[in-house]
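Peer 1: How does the following fold in three dimensions:
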Amino acid sequence: MRLSIAATVLSAILAAPAALSFVPTTSGGSAFVQRRTTASAPPSCDVAGCDRTGAALTMSTAEAAPAEGRKETYQFQAEVGRVMDIIINSLYSDKDVFLRELVSNAADACDKKRFLSITAEAGDDAPNVAQPGIKIKSDLEAGTVTIEDSGVGMTRDELINNLGRIAQSGTKNFIDALGKGTADVNLIGQFGVGFYSAYLVADRVEVHTKSMQPGSPQLKWESAAGQSFTIEDDFDPAISDPIDTSGTRIVLHLKDDSLQYLEPSKIEELLNRYSEFIEFPISVWKETTEYKKVPDVEANADLKEGEEPKMKTVPQTTTGYERMNNQKPIWLRSPRDVTEEEYADFYKSAFRASYDDAMIHNHFVLEGQVECKAILYVPGMLPFELSKDMFDENARNIRLYVKRVFINDKFEELMPRWLKFVRGVVDSDDLPLNVGREILQKSKVLNIINKRLVRKSLDMIRDIEADEDSSKYIMFWNNFGKYLKVGVVEDDRARKDIVPLLRFFSSKSEEEYLSLDNYVERMAEGQKAIYYVTGDGKENTAMSPVIEKLTSRGYEVLYMTEPLDEICIESVRNYKDFDLIDATKEGLKLDDKDEDLKKEEEKLNEKYAAVREYLEEALAGKVQKVTVSSLLTDSPAALVQGAYGMSPTMQRYMRAQSVAAGGDGGVPGGYNQAVLEINPSHPIIQDLERMVKADKDSEETKNFAILTYDVAGMTSGYDIGDIKDFSRRVMALMSVKARDDVQDAVVEDDGDDEPRNVEVEVVE
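Peer 2: Have a look, this model is predicted:
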């Protein structure tokens with residue numbers, strides 16, 4: 001909210017007819033002045049409420065209406081302190097960005113100097129050019145951080161215009177002055193407020209500068225972000241170091257809550273995050289310790305002639321500038337000029353992936369309506385941060401840059417979340433960022449870049465699939481297949497492109513993955529649909545009795561082995577004119593003979609009506625109904641779902657989600673419409689029919705019936721609701737079998753009631 005309000009206020013400032021600027025007043029204060037008006041107020045300023053104090057200017061309202069026919073034009077006015085407060089405290093949500101903004105300004109100054117030096121005419125007036133660079137040094141005792149560049153520097157007028165005028169971008173004016181030519185200049189600033197981010201961490205800022213224009217003096221600008229600033233000659237070497245040739249030195253006097261920026265390690269961290277690809281060298285003043293071996297004087301005191309002197313290791317501490325940005329921004333180069341080794345090194349360095357080799361990369365340039373340069377990578381292994389949460393918010397996959405300066409890696413709008421695993425760099429000047437460069441706004445430009453990134457990502461995945469080494473795509477699928485399934489569900493625009501990349505196990509593929517294209521190619525003659533079953537894991541899914549309905553006819557069955565598979569496949573519906581049908585649903589139809597099959601099943605339902613009615617009564621509350629199926633071959637029964645029922649795998653998933661959300665783990669009854677199908681040709685069903693006819697009220701018949709349901713449920717992927725009751729029924733069945741075995745083992749008597757005399761011979 002703070003950012004949006006600030007952006008609105010600043011937009012009003014930027015759109016105002018006049019640029020607001022500090023100007024020194026005779027009393028040492030400052031005021032915003034009006035640069036131009038459509039029609040100025042009369043000299044007497046007889047409008048009531050007109051404020052001419054020259055300090056805080058405010059909008060005023062006339063107490064009396066102007067004379068008839070008289071028209072006056074006034075400019076919006078603002079209180080400078082309030083505007084500064086908005087810029088400093090509302091544009092940026094993270095004060096770490098102060099270093100990004102100031103280093104970017106320094107890089108612009110260096111680039112301006114380079115450009116002007118190249119274009120300057122040779123002669124005595126040509127500027128003396130030193131190698132542009134940026135240096136950063138912290139002073140713990142003074143509580144200051146100094147950022148110095150050897151760039152173009154500023155004159156007194158430029159100090160007033162660039163630093164004293166809010167929202168006045170010197171960089172933008174420089175670019176406008178160049179026109180729309182093809183000058184080799186890569187300037188970053190555009191809003192004219194980046195300098196004021198210094199006040200996020202500092203309560204006072206000094207700017208020492210010297211212009212590269214011949215004869216320019218060294219000047220000092222200073223302000224505490226209040227109503228005014230001062231400019232003075234900076235020629236006393238006892239107070240400040242002289243600047244060679246040209247450049248700018250910014251000294252930040254840190255606030256008490258920002259002293260962490262005095263640590264060189266913190267500065268290094270921010271530079272590595274935001275400015276590691278700046279073109280000009282960035283060096284940090286730091287203390288380094290090296291360990292060297294030197295002769296041990298004490299140990300060598302009694303050293304005999306010919307003996308090797310003893311050594312000891314001592315620390316040697318040195319201080320000096322060390323360059324931070326050694327990495328090259330290879331995405332700005334032509335893809336033809338970058339080697340595979342450079343791509344690999346960049347991936348490992350930019351994404352801290354020392355132990356991972358990317359499977360593939362795609363380096364491209366988008367020109368025309370939108371200009372964008374990017375490199376995308378498919379990792380060789382699942383990134384650690386995604387191993388626990390596939391959509392971890394802390395996983396920064398796409399890094400956004402503007403002319404080498406890192407802006408953010410949290411823009412979810414750049415890439416859909418189903419491509420969360422793809423890593424890359426995007427550099428574009430056309431992205432609609434807010435002034436603080438922290439919010440990516442919705443626009444046509446963003447939509448175009450998003451489409452291109454998705455397309456290029458799919459191209460990489462297809463290239464992996466087409467590789468002669470099929471193990472590469474298997475590795476990719478094992479690592480990132482679940483993301484493609486999410487893409488099928490969530491991305492309507494890319495769904496048709498993703499579906500051919502999906503992989504499944506099947507009843508014929510054994511341990512190999514199968515694509516839908518492979519399935520269609522080897523469909524049985526006369527098969528008119530693609531069939532699949534759902535389950536929990538490959539082995540459990542293969543146990544489903546409904547598979548018999550299809551394999552008996554030579555049809556292949558796809559295995560959906562996790563909840564995401566089921567959600568994904570329901571989003572597909574059909575593929576290459578073939579419908580995708582869930583074989584675990586009630587009323588499965590296989591061919592044109594289904595009408596005859598329906599009549600046959602009606603006869604069987606009538607014939608086994610007593611068994612069906614008994615099972616429906618015994619299983620009341622557990623199944624919706626009981627039907628006879630002529631498609632089952634080896635199994636006595638199977639549990640299938642109604643047209644709108646949930647598979648057992650999905651039911652378990654829903655229960656887990658309910659518990660995680662604080663619920664009771666229950667599944668709405670309307671989603672659990674199980675139907676029990678029985679196989680009339682199976683001996684178990686025939687035994688049940690006999691038992692029902694003989695004594696349907698017996699406990700043994702009831703146990704047998706419910707046990708048939710339990711077995712059908714387990715093989716169909718359902719959980720046993722009452723394990724104790726299930727165990728009791730199994731043990732009852734085992735007891736009956738045990739009694740039968742004992743009775744069969746009894747030796748029948750031969751009918752002789754008289755005792756037998758047995759002679760025993762004793763051997764001594």
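Peer 1: From here on, just use CA atoms for contacts and neighbour counts.
Peer 2: Fine.
Peer 1: neighbours around Ile88, how many?
Peer 2: 22 (other C-alpha atoms under 10 Å).
Peer 1: now do Thr313
Peer 2: 12.
Peer 1: do Asp244 as well
Peer 2: Residues near Asp244, counting by other C-alpha under 10 Å, number 12.
Peer 1: Now do the helices in the stretch 101-250 of the chain.
Peer 2: Per DSSP state H, counting those that start in this stretch, the stretch 101-250 of the chain carries helices over the ranges 156-163, 170-178.
Peer 1: Ignore what I typed, I meant the stretch 451-600 of the chain.
Peer 2: With DSSP H, counting those that start in this stretch as the criterion, the stretch 451-600 of the chain has helices spanning 470-490, 495-498, 516-521, 538-542, 547-551, 563-570, 594-607.
Peer 1: Is it possible to get TSV of those that adds mean neighbour count, mean pLDDT and distance to Glu276?
Peer 2: Formatted as TSV, these follow (neighbours: other C-alpha atoms under 10 Å; pLDDT from 0 to 100; distance: least, C-alpha to C-alpha, whole Å):
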stretch	mean neighbour count	mean pLDDT	distance to Glu276
helix 470-490	18	94	30
helix 495-498	16	95	36
helix 516-521	15	94	45
helix 538-542	19	87	48
helix 547-551	19	88	58
helix 563-570	18	88	40
helix 594-607	14	77	69
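Peer 1: closest one to Gly151 among these?
Peer 2: Nearest of those to Gly151, taken as C-alpha to C-alpha: helix 470-490 at 47.2 Å.
Peer 1: Now do that closest one against helix 563-570, angle only.
Peer 2: For helix 470-490 against helix 563-570, the angle by axes from the mean of the first three to the mean of the last three C-alpha atoms, to 10 degrees is 70 degrees.
Peer 1: contacting residues around helix 470-490?
Peer 2: Helix 470-490 has contacts (C-alpha atoms under 8 Å, 6 or more residues apart in numbering) with 380-382, 418-421, 464-465, 467, 494-495, 498-499, 501-503, 513, 564-565, 567-568, 571-572.
Peer 1: can you pull the contacts of the residue nearest the centre of the chain?
Peer 2: For the chain, the residue nearest the mean C-alpha position is Lys420 (4.4 Å; C-alpha atoms, centre = their mean). Contacts for Lys420 (C-alpha under 8 Å, 6+ apart) come out as 390-391, 395, 397, 483.
Peer 1: Adding distance to Ile685 as columns, could you present the helices of the stretch 451-600 of the chain in JSON lines?
Peer 2: Shown next, in JSON lines, are these (distance: least, C-alpha to C-alpha, whole Å):
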{"stretch": "helix 470-490", "distance to Ile685": "40"}
{"stretch": "helix 495-498", "distance to Ile685": "45"}
{"stretch": "helix 516-521", "distance to Ile685": "35"}
{"stretch": "helix 538-542", "distance to Ile685": "23"}
{"stretch": "helix 547-551", "distance to Ile685": "17"}
{"stretch": "helix 563-570", "distance to Ile685": "31"}
{"stretch": "helix 594-607", "distance to Ile685": "13"}
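Peer 1: Low-confidence regions, the chain specifically.
Peer 2: Per-residue confidence for the chain (pLDDT under 70) gives these ranges: 1-69, 75-80, 87, 119-130, 166-192, 226, 431-443, 591-595, 663-673, 736-764.
Peer 1: Could I get the contacts of Lys420 in TSV, plus columns for secondary structure?
Peer 2: Shown next, in TSV, are the contacts of Lys420 (DSSP: H, G, I helix; E, B strand; the rest coil):
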residue	secondary structure
Met390	coil
Phe391	coil
Ala395	coil
Asn397	coil
Tyr483	helix
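Peer 1: which one of those is nearest Glu413?
Peer 2: Among these, and counting by C-alpha to C-alpha, the member closest to Glu413 is Asn397, at 12.2 Å.
Peer 1: phi, psi of the closest residue to the closest one other than its chain neighbours?
Peer 2: Nearest non-adjacent residue to Asn397, counting by C-alpha to C-alpha, 6 or more residues apart in numbering: Arg423, 4.5 Å away. The phi and psi values for Arg423, taken as degrees, to the nearest 10, are phi -110, psi 150.
Peer 1: before we move on, back to that, which of the contacts of Lys420 ranks first by neighbour count?
Peer 2: Going by other C-alpha under 10 Å, Asn397 tops those with 22 neighbours.
Peer 1: surely that one meets Asp409?
Peer 2: Yes. The criterion here is C-alpha atoms under 8 Å, and Asn397 meets it with Asp409 at 7.0 Å.
Peer 1: measure Leu446 to Ser428 for me?
Peer 2: Distance, Leu446 to Ser428, by C-alpha to C-alpha, to the nearest Å: 10 Å.
Peer 1: Spell out the residue ranges of the strands in the stretch 601-750 of the chain.
Peer 2: Assigned by DSSP state E, counting those that start in this stretch, the strands in the stretch 601-750 of the chain fall at 625-628, 637-641, 674-678.
Peer 1: Each with direction, which strands does the first one pair with?
Peer 2: Just to be clear, that refers to strand 625-628. Strand pairing for strand 625-628, determined by DSSP bridges: strand 674-678 (parallel).
Peer 1: got a list of contacts for the partner strand?
Peer 2: 586, 622-629, 632, 636-642, 645, 685, 709.
Peer 1: Could you do stretch 371-378 as well?
Peer 2: Residues contacting stretch 371-378 (C-alpha under 8 Å, 6+ apart): 331-332, 347, 358-366, 421-430, 449, 456-457, 460.
Peer 1: so what's Pro683 closest to, chain neighbours aside?
Peer 2: According to C-alpha to C-alpha, 6+ apart, the nearest residue to Pro683 is Pro636 (7.7 Å).
Peer 1: Hmm, the one you found is touching Gln686, no?
Peer 2: No. Taking contacts as C-alpha under 8 Å, Pro636 lies outside contact range of Gln686: 9.4 Å.
Peer 1: Can you pull the residues that touch both of these two?
Peer 2: With C-alpha under 8 Å, 6+ apart as the test, Pro636 and Gln686 both reach Pro680.
Peer 1: who's more crowded, these two?
Peer 2: When neighbours are counted by other C-alpha under 10 Å, Pro636 and Gln686 differ, and Pro636 comes out ahead with 21 against 16.
Peer 1: what's that one sitting at in phi/psi?
Peer 2: The phi/psi pair for Pro636 (degrees, to the nearest 10) is phi -70, psi -30.
Peer 1: ok, Ser117 - how many residues close by?
Peer 2: Ser117 - counted by other C-alpha under 10 Å - has 18 other residues nearby.
Peer 1: what separates it from His208, distance-wise?
Peer 2: Separation of Ser117 from His208 (C-alpha to C-alpha): 22 Å.
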